[in-house]
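J.: Here is a sequence together with a model predicted from it:
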Amino acid sequence: MNLFKIVKESVTVKQTAALYGLPVTTTWMTRCPFHEDHTPSMKLNDTYYYCFGCGATGDVIDLTAQLFGLSSFQAARKLTQDFGLSPDKPPSGAVALPKPAAASSDTQQEEIFYCLRVLHDYRDLLTRWQTEFAPLSPEEPLDEHFVEALHMMAVVDDLIDCLAFGPTSKKAAAAKRLLDGQLLPMVESRLNTLDREEAA
Ligand SMILES: [Zn+2]
């Protein structure tokens, strides 16, 4: 087994957050260590975390790498040391932890993360449009950006909710639907055009 696999199968994000002193609420929310977070915006799952504030997401190795400014490999090494895991033999005894039920494959996990990142960027954009294009008076016709923000915000929130916190099988299916569907390419092309406009 490789180091990354051993670490990911032995240690959960929740346990790591606890060991490294992130204060968590009873619903596994914590103040995000990666942005100025005044209320707990980061949700911890067994296999990964997701911040509703800044979109930071990743698995136990990403969390450790980001917290301590390490490479993935260094982070994995740190976790094996701090949790007393051995890269030579599978975890046993006190350090063997229950495996998250039905862990999805790496590809599925990557698809889920990818969708989450795109959706998060889109959500940022919608949030901006909601104020930038808000009508100044009730008589003013609604700007199409503002209308899109109103319509899409709830859809995007539902999708993020499902992808971040749904049961594993549902998350993978939702990501697959997004990758095969029309919404994600539309969002991506919107974000790309915007990047180009802002760069110009
Ligand atoms: Zn954050």
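T.: Thanks, I have it.
J.: Any idea how many residues pack against residue 178?
T.: For residue 178, the neighbour count with other CB atoms under 10 Å is 23. Every C-beta, even on glycine, is put in place using the N, C-alpha and C of the backbone.
J.: what helix or strand is it on?
T.: Secondary structure from DSSP states H and E places residue 178 in helix 168-180.
J.: mind checking how far that helix is from the chain centre?
T.: For helix 168-180, the separation from the chain centroid amounts to 15 Å (computed by CA atoms, centre = their mean, to the nearest Å).
J.: how near is the residue of the chain most remote from its centre to the ion?
T.: What lies farthest from the middle of the chain is residue 139; by CA atoms, centre = their mean that is 39.9 Å. Computed as CB to the ion, to the nearest Å, the residue 139 to the ion distance reads 39 Å.
J.: helix/strand/coil for that residue?
T.: coil (DSSP: H, G, I helix; E, B strand; the rest coil).
J.: Contacts only, for it.
T.: Under the criterion of CB atoms under 8 Å, 6 or more residues apart in numbering, the contact list for residue 139 is empty.
J.: which secondary structure elements does the helix holding residue 178 contact?
T.: helix 106-132, helix 144-165 (3 or more CB pairs under 8 Å, 6 or more residues apart in numbering; DSSP states H and E).
J.: I'd like the next helix or strand past it.
T.: Moving toward the C-terminus from helix 168-180, the first helix or strand encountered (DSSP H and E) is helix 183-199.
J.: For that following helix, name the packing helices and strands.
T.: Applying 3+ CB pairs under 8 Å, 6+ apart, one finds that helix 183-199 contacts helix 106-132.
J.: mind checking how far the helix it packs on is from the chain centre?
T.: Going by CA atoms, centre = their mean, where helix 106-132 is centred and where its chain is centred differ by 9 Å.
J.: Is the ion within reach of it?
T.: No - looking at helix 106-132 against the ion by CB under 5 Å from the ion, there are no contacts, and the closest approach is 10.2 Å.
J.: Stretch 35-44 too?
T.: Yes - counting by CB under 5 Å from the ion, the ion has neighbours in stretch 35-44: residue 35.
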